[in-house]
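Student: Provided below for reference: sequence and predicted model.
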Amino acid sequence: MNDQTQLPATTEQAAAAPQAEAPAPGNALSNLLAHVTLTQLTLAVLVVVFVWQWLDSHYQLDQTQQEVARRLSEVEAANKGSQMLVAQNQELVREMGGKLSLLESRYAETQNQRAALEALYQDMSSSRDQTALAEVEQMLLIAGQQLQLSANVKAALIAMQQADSRLQHLNRPAFANLRKRIDQDIDRLRALPNVDVPAINLKLDGIINAVDELPLAQDVRIQTQEAVPAADPKEGMLERLWREFWQETKHLVRIENTEQQELPLLSPTQAFFLRENLKLRLLSARMALLTRDEVSFRRDLKTSQEWLKRYFDTRSAAGARSQNELQKLAASRIVIEMPDISGSLEAVRNYRASHERGAR
């Protein structure tokens, strides 16, 4: 573009040159030739410049095209890679969408199962509490029956301790007042005096078993007799016969102080029934012990003592031992005032009723 602008200016300069300075007539041809040569040279330079610019522009255009082609190929490759990545991402998104849908369904199922489990746990917890309260009520009923029917403090105490242990195993703060009430009744039972019924029963059994071996008063004989003097070698036959006769005659009569107004004489049949009746009296005393009938217990023991003293030898080892045992048993106390534990039972029933209303 610069070359084309400069070309008219050179032509105008060449046209204006003759006007400015008129050449000499002799140099016209030389000037013309010089002018033509200059013009050709200028044209040649312009052509060379134009060709060079064209070649340079063409070269730059080729380079640009190659660069553009290279960039296009890179862009196309990147585009293909991007398309592959987009396709992979879309596939991954689809997979993630499917997994997410599956997780959402699983989560919904889990929530439903959790709600069902919570409802079941609530039902089971309520049912377990109701079952535990029913068991505690049954234990307290057993304790009350043991106290009322047989005055068995130990059995009642065991039943109440089991009830307290059952409540402790539940570990419910709502049962604190109930446990406190049961503990108060347990302390009241522990404060009662101990009546060892099994030991008293065992002593009665020992006396009953020894009745058949007790000696009767009418069967008592003198255990030691007078020593027979040794025969004297110098003693004659008549003296020896007289001494033997006197020894035999002396044992025909026996004088004994029985310390009683009259000595009962019993036939073997009467002696048998006496022992059996004494056993029945002692068995009746044992039944009174088990039913805590202290009046009947003392009456039967008193009758047994009288019979033992009247009909049996109380100076023998077995008689004296039986008499001492009967005296000790007669002094024993088998009846104690039982506490009222109905308050604990009533409290348990109230708790059961309140839990049933709450469950509904």
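Tutor: That came through fine.
Student: contacts only, for Lys279.
Tutor: 208, 211 (C-beta atoms under 8 Å, 6 or more residues apart in numbering). Where C-beta positions appear, they are placed from N, C-alpha and C, glycine not excepted.
Student: can you do 10 Å?
Tutor: 207-209, 211-212, 304 (C-beta atoms under 10 Å, 6 or more residues apart in numbering).
Student: for Leu216, same thing?
Tutor: Leu216 neighbours (C-beta under 10 Å, 6+ apart): 264-266, 271, 274-275, 311-313, 319.
Student: what about the contacts of Lys279, which one has the most neighbours?
Tutor: Among those, Ser304 has the most neighbours (other C-beta atoms under 10 Å), with 27 neighbours.
Student: nearest to Leu283, of the contacts of Lys279?
Tutor: Distance to Leu283 across the contacts of Lys279 (C-beta to C-beta) is lowest for Ile208, with 6.9 Å.
Student: ranges for the helices of this protein?
Tutor: Counting by DSSP state H, the chain has helices at residues 2-20, 28-145, 153-170, 176-190, 197-210, 237-250, 268-290, 294-311, 317-330, 342-359.
Student: for the longest one, name the packing helices and strands.
Tutor: It refers to helix 28-145. Helices and strands touching helix 28-145, as assessed by 3 or more C-beta pairs under 10 Å, 6 or more residues apart in numbering; DSSP states H and E, comprise helix 2-20, helix 153-170, helix 176-190, helix 342-359.
Student: what of the fourth one?
Tutor: In terms of contacts (3+ C-beta pairs under 10 Å, 6+ apart), helix 176-190 is packed against helix 28-145, helix 153-170, helix 342-359.
Student: what pLDDT, on average, does that helix get?
Tutor: Helix 176-190 carries an average pLDDT of 85.
Student: next: the third one.
Tutor: This predicted structure assigns helix 153-170 an average pLDDT of 85.
Student: show me what it is packed against.
Tutor: helix 28-145, helix 176-190, helix 197-210, helix 342-359.
Student: tell me which of those sits nearest to Leu282.
Tutor: Using C-beta to C-beta, the nearest of the helices and strands packed on helix 153-170 to Leu282 is helix 197-210, at 4.9 Å.
Student: from Glu135, how far off is the most centrally placed residue in the chain?
Tutor: Closest to where the C-alpha atoms of the chain average out (C-alpha atoms, centre = their mean) is His169, at 6.9 Å. In this view, His169 and Glu135 are 11 Å apart by C-beta to C-beta, to the nearest Å.
Student: re earlier: would you turn the helices of the chain into CSV with distance to Ala217?
Tutor: CSV is the format used below for the helices of the chain (distance: least, C-beta to C-beta, whole Å):
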stretch, distance to Ala217
helix 2-20, 173
helix 28-145, 46
helix 153-170, 41
helix 176-190, 47
helix 197-210, 16
helix 237-250, 24
helix 268-290, 11
helix 294-311, 6
helix 317-330, 9
helix 342-359, 54
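Student: lowest-confidence stretch among those?
Tutor: Note on the helices of the chain: lowest mean pLDDT is at helix 2-20, with a mean of 44.
Student: can you report how many residues lie near Asn194?
Tutor: 9.
Student: domain map for the protein?
Tutor: 123-193+341-359, 195-217+264-335 (automatic domain parsing).
Student: residue contacts, the residue nearest to Leu157 when sequence neighbours are not counted?
Tutor: Take Leu157 and drop its neighbours on the chain: the residue closest to it by C-beta to C-beta, 6 or more residues apart in numbering is Leu189, 4.8 Å away. Going by C-beta under 10 Å, 6+ apart, Leu189 touches 143, 147, 153-154, 156-158, 160-161, 338-339, 341.
Student: show me the two of those residues that sit farthest apart.
Tutor: Gln161 and Met338 (17.1 Å).
Student: how many residues are close by Met96?
Tutor: 12.
Student: from Glu109, how far out is it?
Tutor: 20 Å.
Student: same question, Lys203
Tutor: On the measure of C-beta to C-beta, Lys203 and Glu109 end up 73 Å apart.
Student: looking at the two, which is more packed in?
Tutor: Lys203 (17 against 10).
Student: now that one, nearest residue through space, not along the chain?
Tutor: Nearest to Lys203 is Glu325, by C-beta to C-beta, 6+ apart, at 5.7 Å.
Student: also Lys309?
Tutor: For Lys309, the spatially nearest residue (C-beta to C-beta, 6+ apart) is Gln323, at 7.0 Å.
Student: can you name the residues that contact the one you found?
Tutor: Contacts of Gln323 by C-beta under 10 Å, 6+ apart are 207, 214, 304-305, 308-309, 312, 314-315.
Student: including distance to Gln90, could the domains of the chain go into a markdown table?
Tutor: Shown next, in a markdown table, are these (distance: least, C-beta to C-beta, whole Å):
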| stretch | distance to Gln90 |
| --- | --- |
| domain 123-193+341-359 | 49 |
| domain 195-217+264-335 | 89 |
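Student: so which of the ones you listed is nearest His58?
Tutor: Minimum separation from His58 across the domains of the chain (C-beta to C-beta) falls at domain 123-193+341-359, 93.4 Å.
Student: and Pro268, what does it touch?
Tutor: So Pro268 contacts nothing (C-beta under 10 Å, 6+ apart).
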